[in-house]
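S.K.: need a structure here:
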Amino acid sequence: MDTTGTRAPLKRTVGSNQVGMRQFNERIVLQAIRLHGPLAKADVSRLTRLSMQTVSMIVDRLIDDGLLARQPRVRGRIGQPSVPIALRPEGAYTIGIKVGRRSLDVLAMDFVGHVCSRDVLEYAYPDPRVLFPALEAKLARVNETLGERARQVVGVGVAAPLWLGGWRDFLGAPPDALDAWHDIDIRARIAAMTGLPVEFAKDTTAACAAELVMGQGRGIHNFLYLFVGTFIGGGLVIDGRLHGGPHANAGAVGSIPFMDSAGQTMQTPAWPGARRPTRQLLHAASGFVLEQRLSDAGAPAAAAHDHRALAPEWLRHTERWLDTACPAIAGALINATALLDLEAVVIDGELDRQLVREIIRRTERVLDGFEWEGMVRPQLLEGTIGADARAMGGAILPLYAHFAPVHELFLKPATEAGY
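M.R.: Got it, this is the predicted structure:
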């Protein structure tokens with residue numbers, strides 16, 4: 001079912017019956033089952049256009065390799081009872097690392113996307129002299145948790161801001177604490193630490209990947225993704241593919257300028273150390289701005305990211321943030337829709353779920369007052385993953401690098417109207 005209650009057509013990933021395509025066809029079969037859940041061999045054949053004989057050989061081989069498993073027969077339907085084939089959770093594991101401006105997240109994920117372990121280190125700013133020793137210790141704990149299963153880890157995925165050493169003044173970091181990031185290759189550093197292949201993506205692009213593969217993106221082919229973390233950022237999916245752009249920075253919504261109702265550049269209270277008027281979406285709609293408002297009122301900064309943001313004693317401060325953030329988000333979405341012709345906008349964040357819903361509700365209300373002539377208004381949808389999205393997206397990167405049917409990550413098959 002899609003988000004409107006209409007049955008979404010099944011999607012096909014098409015394989016080849018040529019002799020030299022064994023690995024490609026194996027990945028096609030794995031992708032079909034990942035997209036649609038447990039399938040009988042006949043359904044796999046129809047979806048992939050591989051012959052039944054080819055599918056049977058591939059499925060049996062993948063079962064022997066421990067990547068697929070037979071489920072109990074399904075009875076009670078017309079014809080012979082079918083045996084669904086499913087991904088085997090223990091077939092492979094990946095590690096996802098989110099290096100953020102306020103926290104380090106390390107998690108292990110199994111072959112079907114279940115999180116097996118999760119560890120978090122919170123900090124005021126990402127000092128590499130502290131972060132990398134802590135990361136090494138957390139990776140050791142992941143190996144201890146996995147035990148013998150650690151041998152089946154196929155790689156590590158890292159999600160981090162592209163300019164991790166930036167915004168030093170806003171984070172209140174000492175002058176030299178973040179300078180080292182300019183000379184650090186995170187991917188190479190973690191590869192040397194783990195001895196495993198390492199994939200890298202911008203943190204909010206990785207979060208978008210998680211939503212694409214395991215959330216709302218299963219039923220949407222063109223959407224903009226917004227994630228409200230310390231800063232607001234995003235990702236972009238076009239024609240079912242995660243679109244990174246030539247600089248791996250597509251969906252950088254935080255940098256979009258925004259205007260007030262009178263058409264003037266909006267200016268929120270300047271951040272500590274700010275050298276120019278605040279004119280970008282990140283200065284109005286980021287979690288850091290809410291942290292500042294709550295801290296100024298006497299609440300812990302961490303309250304911005306949990307249920308306390310909506311507690312009666314702090315609610316008016318959160319509402320003031322919403323009064324600025326939601327019109328700013330709406331303006332960014334209008335511009336993005338005019339340019340990209342979006343089906344939907346998915347909004348998630350490192351926030352209480354009720355606050356995410358309130359952001360969506362208030363943004364919808366602003367959009368109600370806009371003239372949509374010449375455009376098709378996109379749906380606003382709540383993201384399904386939440387705070388773990390960036391680390392889970394990181395863990396998805398090696399999963400797809402090893403098991404997706406094409407080199408380009410996150411290919412979603414074309415819809416066939418007749419099936």
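S.K.: for the protein, where's the lowest mean pLDDT among helices and strands?
M.R.: Least confident helix or strand of the chain, by mean pLDDT, DSSP states H and E, is helix 168-171 with a mean of 70.
S.K.: other SSEs contacting the next helix or strand after that helix?
M.R.: Following helix 168-171 in sequence order, the next helix or strand is helix 186-194 (DSSP states H and E). On a contact count with 3 or more CB pairs under 8 Å, 6 or more residues apart in numbering; DSSP states H and E, helix 186-194 meets strand 93-99, helix 128-146, strand 153-160, strand 198-202. All C-beta atoms are positioned from the backbone trio N, CA, C, and that covers glycine.
S.K.: most tightly packed of these?
M.R.: strand 93-99 (a mean of 27; mean count of other CB atoms under 10 Å).
S.K.: quickly list the domain ranges of the protein.
M.R.: According to automatic domain parsing, the chain comprises the domains 19-87, 92-209+390-403, 220-384.
S.K.: now the nearest residue in space to Gly393 that is not next to it in sequence: phi and psi?
M.R.: Nearest non-adjacent residue to Gly393, counting by CB to CB, 6 or more residues apart in numbering: Ala206, 3.1 Å away. With angles defined as degrees, to the nearest 10, Ala206 sits at phi -60, psi -40.
S.K.: any idea which helix is longest in the protein?
M.R.: helix 315-340 (DSSP state H).
S.K.: partners of the helix or strand following that helix in the sheet?
M.R.: Next in sequence after helix 315-340, counting helices and strands by DSSP H and E, comes strand 344-349. When pairs are called by DSSP bridges, strand 344-349 turns out to pair with strand 223-228 (parallel), strand 379-382 (parallel).
S.K.: quick one: distance of the longest one to the chain centre.
M.R.: Between the mean C-alpha location of strand 223-228 and the chain-wide mean there is a distance of 9 Å, by CA atoms, centre = their mean, to the nearest Å.
S.K.: next, the angle from it to helix 315-340.
M.R.: Here the directions of strand 223-228 and helix 315-340 differ by 150 degrees (axes from the mean of the first three to the mean of the last three CA atoms, to 10 degrees).
S.K.: run the chain-centre distance for the helix or strand where Gln354 lies.
M.R.: Using DSSP H and E, Gln354 sits in helix 353-368. Relative to the centre of its chain, helix 353-368 is centred 20 Å away, using CA atoms, centre = their mean.
S.K.: cool, and stretch 134-153?
M.R.: 23 Å.
S.K.: same check on stretch 321-331?
M.R.: That offset, for stretch 321-331, works out to 22 Å (CA atoms, centre = their mean).
S.K.: what's the span of stretch 232-251 from first residue to last?
M.R.: The straight-line separation of the ends of stretch 232-251 (CA to CA, to the nearest Å) is 11 Å.
S.K.: Leu242 bridge partners, please.
M.R.: Val237.
S.K.: okay, now it: neighbour count?
M.R.: For Leu242, the neighbour count with other CB atoms under 10 Å is 28.
S.K.: from Leu107, how far off is it?
M.R.: 20 Å (CB to CB, to the nearest Å).
S.K.: so which of the strands paired with strand 344-349 comes closest to Thr48?
M.R.: Minimum separation from Thr48 across the strands paired with strand 344-349 (CB to CB) falls at strand 223-228, 25.6 Å.
S.K.: quick check: angle from the closest one to helix 353-368?
M.R.: Using the same axes, to 10 degrees: strand 223-228 against helix 353-368 is 130 degrees.
S.K.: pull the CA atoms of strand 223-228 into CSV?
M.R.: Only the C-alpha atoms of strand 223-228 are listed here, as CSV (Å, rounded to 0.1, in the frame of the first residue of the first chain):
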residue,chain,number,x,y,z
PHE,A,223,11.3,13.2,-2.9
LEU,A,224,13.3,15.7,-0.8
TYR,A,225,14.4,14.5,2.6
LEU,A,226,14.8,16.9,5.5
PHE,A,227,16.6,15.9,8.8
VAL,A,228,16.6,18.2,11.8
